[in-house]
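> give me a 3D structure for the following:
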Amino acid sequence: MVRLIKRDQIPNGLSFYLAASRWSPRPNSSFQGIVESLYRHLQLNPTVLTQLGWQLDLGFLSDKVDEWNANLCQKMGWKQYIQEVAPAVGGQPGRPFRRRPAPAPDPVAGRSGGAIAAALPVASTCCGGRRHAA
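Got it, this is the predicted structure:
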C-alpha cells in the first residue's frame, strides 16, 4: 500500500474522483479542502455513503484521498512523492508517522548529592593535572 509522503502537493495538483456519484472537487483544491468537500458531499448523499460502505469520518476520508493521490503518483511514476506503508491489523490502512526520539537519560537525575560531590574532585583535575577549587 502506498501513501503520500507529504499531503500538500503533487505534480499537477491533488485530485479525487468518486465514481459512485461522479463527484470530484473543484480544481486546485488543497488536501484539506478536498477532504472537507468530500465530507459535505457524502453528508448530503447518504445513499452513496451506504453504497460504498464508508464511514462519515474526516480521518477515514483523509486516508481515502491520500490513497487516491498516492496511487495516481505510483501510476505516473512519481516515486519521490510516495512511500510504501504496511497495512495495519484489521484491514485498515496504516498511517505513516514519525516517532519522536526518546529523550536522552539525564546522568545527574536520580543521584544523591553525595554521588555528585564524590565526582567533583575527578572532574576538577581534568585540566593538565592542576587541581582547581570546587
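> quick one: residues in contact with the helix or strand where residue 63 lies.
Assigned by DSSP states H and E, residue 63 belongs to helix 58-76. The contact list for helix 58-76, computed with Cβ atoms under 8 Å, 6 or more residues apart in numbering, reads 1-4, 7, 10-11, 14-17, 31, 34-36, 38-39, 42, 54, 79, 81-82, 93, 95. Using the backbone N, CA and C atoms, a C-beta is placed for each residue, glycine as well.
> next one: stretch 37-49
16, 18, 20-21, 23, 25-26, 29, 54, 56, 58, 61, 64-65.
> quick one: which of these sit in strands?
Among the contacts of stretch 37-49, DSSP state E puts none in strands.
> among the residues you listed, name the buried ones.
16, 18, 21, 25, 29, 54, 61, 64, 65 (16 or more other Cβ atoms under 10 Å).
> can you list the low-confidence ranges for the protein?
Across the chain, the ranges flagged by pLDDT under 70 are 87-134.
> 90 instead, please
Judged by pLDDT under 90, the chain has its weakly predicted residues at 1-2, 5-10, 12, 28, 55, 84-134.
> tell me which stretches of it form helices.
Taking DSSP state H to define them, one finds helices in the chain at 31-44, 46-52, 58-76, 113-124.
> next, format those helices as JSON lines and append distance to residue 86.
As requested, the helices of the chain are exported to JSON lines (distance: least, Cβ to Cβ, whole Å):
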{"stretch": "helix 31-44", "distance to residue 86": "22"}
{"stretch": "helix 46-52", "distance to residue 86": "24"}
{"stretch": "helix 58-76", "distance to residue 86": "14"}
{"stretch": "helix 113-124", "distance to residue 86": "46"}
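> sorry, back to before: farthest-separated two in the buried ones among the contacts of stretch 37-49?
Largest separation among these by Cβ to Cβ: 29 and 54, giving 19.4 Å.
> returning to what we had before: mind putting the contacts of stretch 37-49 in JSON lines, distance to residue 48 included?
Shown next, in JSON lines, are those (distance: Cβ to Cβ, whole Å):
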{"residue": "16", "distance to residue 48": "14"}
{"residue": "18", "distance to residue 48": "7"}
{"residue": "20", "distance to residue 48": "5"}
{"residue": "21", "distance to residue 48": "5"}
{"residue": "23", "distance to residue 48": "8"}
{"residue": "25", "distance to residue 48": "15"}
{"residue": "26", "distance to residue 48": "19"}
{"residue": "29", "distance to residue 48": "19"}
{"residue": "54", "distance to residue 48": "9"}
{"residue": "56", "distance to residue 48": "11"}
{"residue": "58", "distance to residue 48": "17"}
{"residue": "61", "distance to residue 48": "13"}
{"residue": "64", "distance to residue 48": "13"}
{"residue": "65", "distance to residue 48": "16"}
